[in-house]
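Peer 1: Build me a model:
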Amino acid sequence: MNDQSVYEQALRWLARRAYGERELARRLHETGAPQDAVEQALARCRELGYLDDAAFAAARARYRFEQGHGARRVQAELSRLGIDPAIVGEVLNHLPDEAETLRTAERLLCRRFGESPPRDAREWKRRHDFLARRGFDARLIAALLPMNGFYSSHMSIEE
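Peer 2: Presented below is the predicted three-dimensional model:
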């Protein structure tokens, strides 16, 4: 592969969706592209504004939050994609506040399990594990699912 074809491949992938720099580099390497051609293609894409880890991370975090994922899951995904930890921290600071996160988690819980409280400890654990897998932290889960097994929309994280 020559430098131009590596750059063209990068553009084709970027035209389909946004990529983080490390993810795009990995994909280009998997095609057999030489290291120097990959570096040149990435530099050119950065210069033209087609590749921006901060913008990519912010957009991915917003999208995942809107899908109902918590901050822990967003952080894990961005880290797995090779986004710099400083960028990840900055992006997480701009996610919706705790009250909005609580409302999102509550909507997910009601959509999945209905509005009735859990009947027993097994059902409480299913709801707890569901929220934990979605990346919501223990404090938020405790606000929605107190140990007595009931959750309520009037509860807040501060309680």
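
Peer 1: Alpha carbons of stretch 40-47, as CSV, please.
Peer 2: Output of stretch 40-47 as CSV, limited to C-alpha atoms (Å, rounded to 0.1, in the frame of the first residue of the first chain):
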residue,chain,number,x,y,z
GLN,A,40,1.2,10.5,7.4
ALA,A,41,-2.4,9.7,6.7
LEU,A,42,-3.4,10.4,10.3
ALA,A,43,-1.4,13.7,10.3
ARG,A,44,-3.1,14.8,7.1
CYS,A,45,-6.6,13.9,8.5
ARG,A,46,-5.8,15.9,11.7
GLU,A,47,-4.6,18.9,9.6
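
Peer 1: tell me, what residue is most central in the chain?
Peer 2: residue 74 (2.7 Å; CA atoms, centre = their mean).

Peer 1: where in the chain is pLDDT low?
Peer 2: 147-159 (pLDDT under 70).

Peer 1: what about the strands in it?
Peer 2: Ranges of strands within the chain: none, based on DSSP state E.

Peer 1: outside of stretch 58-72, which residues touch it?
Peer 2: 18, 73-74, 77-78, 81, 91-92, 94-96, 101, 104-105, 107-108, 131, 134-137, 140 (CB atoms under 8 Å, 6 or more residues apart in numbering). C-betas here are computed from N, CA, C, even on glycine.

Peer 1: Do me a favour and get the end-to-end distance for it?
Peer 2: Taking CA to CA, to the nearest Å as the measure, stretch 58-72 stretches 15 Å from start to finish.

Peer 1: which residues sit in contact with the residue nearest to the centre of the chain?
Peer 2: Residues near residue 74 by CB under 8 Å, 6+ apart: 60, 61, 64, 65, 91, 92, 95, 135.

Peer 1: From what I see, residue 10 and residue 39 are in contact.
Peer 2: No - checked against CB atoms under 8 Å, the pair residue 10 and residue 39 is beyond contact range at 11.2 Å.
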